[in-house]
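Visitor: Here is my input, please return the structure:
(chains A and B)
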There are 2 protein chains.
Amino acid sequence: MSTEYPVTDLNTLSSQIADALTTDELTSAADLLKPIPAYAVVALMKRMNQRHRAVVFRLLPKNDALEVFEALNPALQNDLVSGLLDQDVTELFASLDPDDRVSLLDELPSNVAHRLLRGLTPAERKKTGVVLGYPPGSVGRRMSPEFIATRYQDTAAQALERVLAGIGDAETVYVLPVFDDQRRVVGVVGLRELLAADADTPVTQLVDDAHVAVATEPAAAIARICTDRNLLAVPVVDSESRLLGILTVDDATEILESEETQHAARQGGANALDLPYLATSLLVLVRSRALWLLVLAVGAAMTVQILSHFEDALTEATVLSLFVPLLIGIGGNTGNQAATTVTRAIALGDLTSRELVPVLTRELRVGFLLGSLLGVLGLLLTGLLYGPEIGAVIALTLLALCTIAATLGGAMPLIAKAVRVDPAVFSNPFISTVTDATGLIIYFLIARAVLGL
Amino acid sequence: MSTEYPVTDLNTLSSQIADALTTDELTSAADLLKPIPAYAVVALMKRMNQRHRAVVFRLLPKNDALEVFEALNPALQNDLVSGLLDQDVTELFASLDPDDRVSLLDELPSNVAHRLLRGLTPAERKKTGVVLGYPPGSVGRRMSPEFIATRYQDTAAQALERVLAGIGDAETVYVLPVFDDQRRVVGVVGLRELLAADADTPVTQLVDDAHVAVATEPAAAIARICTDRNLLAVPVVDSESRLLGILTVDDATEILESEETQHAARQGGANALDLPYLATSLLVLVRSRALWLLVLAVGAAMTVQILSHFEDALTEATVLSLFVPLLIGIGGNTGNQAATTVTRAIALGDLTSRELVPVLTRELRVGFLLGSLLGVLGLLLTGLLYGPEIGAVIALTLLALCTIAATLGGAMPLIAKAVRVDPAVFSNPFISTVTDATGLIIYFLIARAVLGL
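Guide: As a prediction, the model looks like this:
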């Protein structure tokens, strides 16, 4: 048994609701929505256009509406907000947690953001302000200022009292930062350890070394540490080690997921979509790809120049042109294999930009071995079909090409990292373009030398 | 302040320890290791070769050794086990949690696995056996059988007693599955809700609808639900809804991370590495790439055939060959953009294989718009440089190529999903190979028609 809402039903439901909305039968749409759990409403909304999404949202009972709204990503929230009445938006905004509020603010036009902030109670505005004070991309911008902490002089019983006192509002009650007289974080204590200990055990005996994040550190790096070390929450402090907030594991996985999405899109040579695929308009899809495609096309236009330069050789030996797509394909693949492996190792923290030299020596050797393998096969096959001279040209090109492509492909993400650019900017298509150009030059230089053109 | 161990120190330390080990100065290596926290030892071991790794592990104090071992992934654990004494392995194995034990068993040679299982106490062997009964890749294989659950007739106070009774062994104490008289799961209750409630509140008043996973369901899908809905744990049941275990959020993020690694490697046309990059031997690196590279090279050899078929046209108008790399590059990029976007939407659950038709119609139109854009630019530029006829050939090819490449690229991951193959198998290099071949045929057919060759 799974309580999961079946996808088949979702698809049917989705078109039934769309039909009801198109013909303005709002009560029948509301009836269709009534029995659906919140997460399924979220899945439905991800498949709808903007107008339908706003109508469906207004049809939801108030409690469900908040749950659904909280489960949408900030871009979808922003999209929804523009279709709602000011009064509803102000209420929704006040109900959000401070960290979710800031994520939404980052998406909204600044006049709307200012108006919403002014509508908050002073206490809520202050909490939101602390988070807003840190730059986008920092862990401070993603932390929750609603936490329960305990002093290092407390006993387990006193710490548990603090938990019970704060249980209504805190982001989590399962991990408590422990602070000293100067409000500096000295570690964390888990609710589990507090419950398991005798009432008068001092917290200092239960405190665990914690990873403590400084608010200005990158959110993605802290999120990775949180999930790598199986932490439920990481305390976030200011430059003087004073407690400001916490980053919980659910926010950490969200940060990493959105990083993966950015990353996957860039590897494919496109911009990441803010909205889910089916909720994205056609023009936004085109826009997310057109610029990269043009940039890469300009890069690829180099290959026309390179080939023009060797046009004499091509006219004299047309057979050379037959191997162009094969060779540049293999070069691109070799480069991309290396780049993908190294980029992933960087993302996982297995490699740092300081490890360029070991990576270069490894990729050089790996590329040489792969090139030797393909070179021997190329020599045999093309040698048999097109004669020994062409066979030699292909074999030597494959050897040089694979060696250079693997080395370049492995080096590029590390160099990007060293100069503080996202390693995924050197995307697969980018590396293909570089290896295409390099491969053609190698190919024709070798051909000229061997064939004496 | 960050308690993070600085990477610079790690690199220095790493070479100091390597030096000490190479010259067999074990005491100075042990002294170097003493002040380092466990997570930093893990980072060090990820950068070492197999022999050094085993020695370092044996130098660790017993408590640290278990913590370090638990933090390694199963492939590294397996690698380490082969360098340890049987007695040490048996002890380590007995200290692991049942779910971690099964992950390690999956890596070990079957004779070692059997021996280790026989060394467990009957109670531990039974718990491990439940997990081992489910196939690799299922959530049953990744669940923990050590949980605390509560009956639906309990009060909050009774449930809290159960928490206190089980607090030593359970995987988590923060989420409790609630079961009925037939041991069927009816929901979950959070420790937070139990603590916040009055002592005599019935658990039925606190129970929350839970996502319940069947043990045979894919681990990755359940892990995605766990993180998407911000759950700390998901109950896992047998086919009759009876409670078997729980999947906790830390295991969920681990499952998703390893899925992302597989995915990233396949997108780049290679096999994922089991060990961290620097701990992987050169030959394993070559092996992870060679097969894919050969398969793709065989596919790319099609392009030689296609070009041979059009050799007359190439001889008559050598100028045509100048544009081959440019055109197939653009075709590959367009196809990869579409494939990457759709693959990511599938991974996030934004698209299912039933949504092929809306995807096809969108990608067809997106491809046509991108093709029109590039076509107009191509017509102007090549028209000016190479005359109107060549300009027309390039423009028409770009229009047709982009339309077809985007449609194919968008369709392939969904078709893979529909036939239950990993969408990432249709990797970027694979899609490039298909669009290369298609693009060449389109190009020369258009060239023949326009130029009358």
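
Visitor: Point out where the stretch 51-200 of chain A drops to low pLDDT.
Guide: Applying pLDDT under 70 to the stretch 51-200 of chain A picks out no residues at all.

Visitor: how about the residues of it near chain B?
Guide: When proximity is defined as Cβ under 8 Å from any Cβ of the partner chain, the stretch 51-200 of chain A approaches chain B at A:71, A:163, A:164, A:167, A:168, A:173, A:174, A:191, A:192, A:195, A:196. Where C-beta positions appear, they are placed from N, C-alpha and C, glycine not excepted.

Visitor: 7 Å instead?
Guide: Within the stretch 51-200 of chain A, the positions adjacent to chain B are A:163, A:164, A:167, A:173, A:174, A:191, A:192, A:195, A:196 by Cβ under 7 Å from any Cβ of the partner chain.

Visitor: what's around the closest residue in space to residue A:218 that isn't next to it in sequence, how many residues?
Guide: Once flanking residues are discounted, residue A:218 sits nearest to residue A:137: 6.2 Å by Cβ to Cβ, 6 or more residues apart in numbering or on different chains. Neighbours of residue A:137 under the rule other Cβ atoms under 10 Å in any protein chain shown: 14.

Visitor: Residue A:137 contacts residue A:219, correct?
Guide: Yes - counting by Cβ atoms under 7 Å, residue A:219 is a contact partner of residue A:137 at 6.1 Å.

Visitor: Report the separation between the most centrally placed residue in chain A and chain B.
Guide: By Cα atoms, centre = their mean, chain A has its centre lying nearest to residue A:259, at 1.3 Å. Per Cβ to the nearest Cβ, to the nearest Å, residue A:259 is found 10 Å from chain B.

Visitor: what's the helix or strand for that residue?
Guide: helix A:249-267 (DSSP states H and E).

Visitor: Export only the CA atoms of that helix, formatted as CSV.
Guide: Extracted in CSV, the C-alpha atoms of helix A:249-267 (Å, rounded to 0.1, in the frame of the first residue of the first chain):
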residue,chain,number,x,y,z
VAL,A,249,18.4,19.6,6.8
ASP,A,250,15.2,20.2,4.7
ASP,A,251,16.5,23.6,3.6
ALA,A,252,19.9,22.0,3.0
THR,A,253,18.4,19.4,0.6
GLU,A,254,16.4,22.1,-1.1
ILE,A,255,19.6,24.2,-1.7
LEU,A,256,21.4,21.2,-3.1
GLU,A,257,18.5,20.2,-5.3
SER,A,258,18.3,23.7,-6.8
GLU,A,259,22.1,23.6,-7.3
GLU,A,260,21.8,20.3,-9.1
THR,A,261,19.2,21.7,-11.4
GLN,A,262,21.4,24.7,-12.3
HIS,A,263,24.2,22.3,-12.8
ALA,A,264,22.3,19.9,-15.0
ALA,A,265,21.0,22.7,-17.2
ARG,A,266,24.5,24.3,-17.6
GLN,A,267,26.0,20.9,-18.5
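
Visitor: mind checking how far residue A:233 is from residue A:223?
Guide: Relative to residue A:223, residue A:233 is positioned 12 Å away (Cβ to Cβ, to the nearest Å).

Visitor: Same check on residue A:238?
Guide: Computed as Cβ to Cβ, the residue A:238 to residue A:223 distance reads 19 Å.

Visitor: Same check on residue A:298?
Guide: When distance is defined by Cβ to Cβ, residue A:298 is 36 Å away from residue A:223.

Visitor: Residue A:451: neighbour count?
Guide: Neighbours of residue A:451 under the rule other Cβ under 10 Å: 16.

Visitor: residues contacting it?
Guide: Counting by Cβ atoms under 7 Å, 6 or more residues apart in numbering or on different chains, residue A:451 touches A:317, A:389, A:393.

Visitor: Quick check: the residue in the stretch 301-450 of chain A that chain B sits nearest to vs residue A:267, distance?
Guide: Using Cβ to the nearest Cβ, residue A:340 is the residue of the stretch 301-450 of chain A that sits closest to chain B, at 2.5 Å. As judged by Cβ to Cβ, residue A:340 and residue A:267 stand 7 Å apart.

Visitor: intersection of neighbour lists for the two?
Guide: residue B:267.

Visitor: leaving aside the residues next to it on the chain, what's closest to residue A:437?
Guide: Nearest non-adjacent residue to residue A:437, counting by Cβ to Cβ, 6+ apart: residue A:302, 4.9 Å away.

Visitor: mind checking pLDDT for the one you found?
Guide: As predicted, residue A:302 sits at a pLDDT of 90.

Visitor: Then residue A:420?
Guide: You'll see residue A:420 listed with a pLDDT of 79.

Visitor: What is the neighbour count of residue A:380?
Guide: 12.

Visitor: got the residue ranges for the strands in chain A?
Guide: With DSSP state E, the ranges of strands along chain A come out as A:150-151, A:175-179, A:185-190, A:213-214, A:233-237, A:243-248.

Visitor: Adding mean neighbour count, write those out as a markdown table.
Guide: Formatted as a markdown table, the strands of chain A follow (neighbours: other Cβ atoms under 10 Å in any protein chain shown):
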| stretch | mean neighbour count |
| --- | --- |
| strand A:150-151 | 20 |
| strand A:175-179 | 25 |
| strand A:185-190 | 22 |
| strand A:213-214 | 25 |
| strand A:233-237 | 26 |
| strand A:243-248 | 25 |
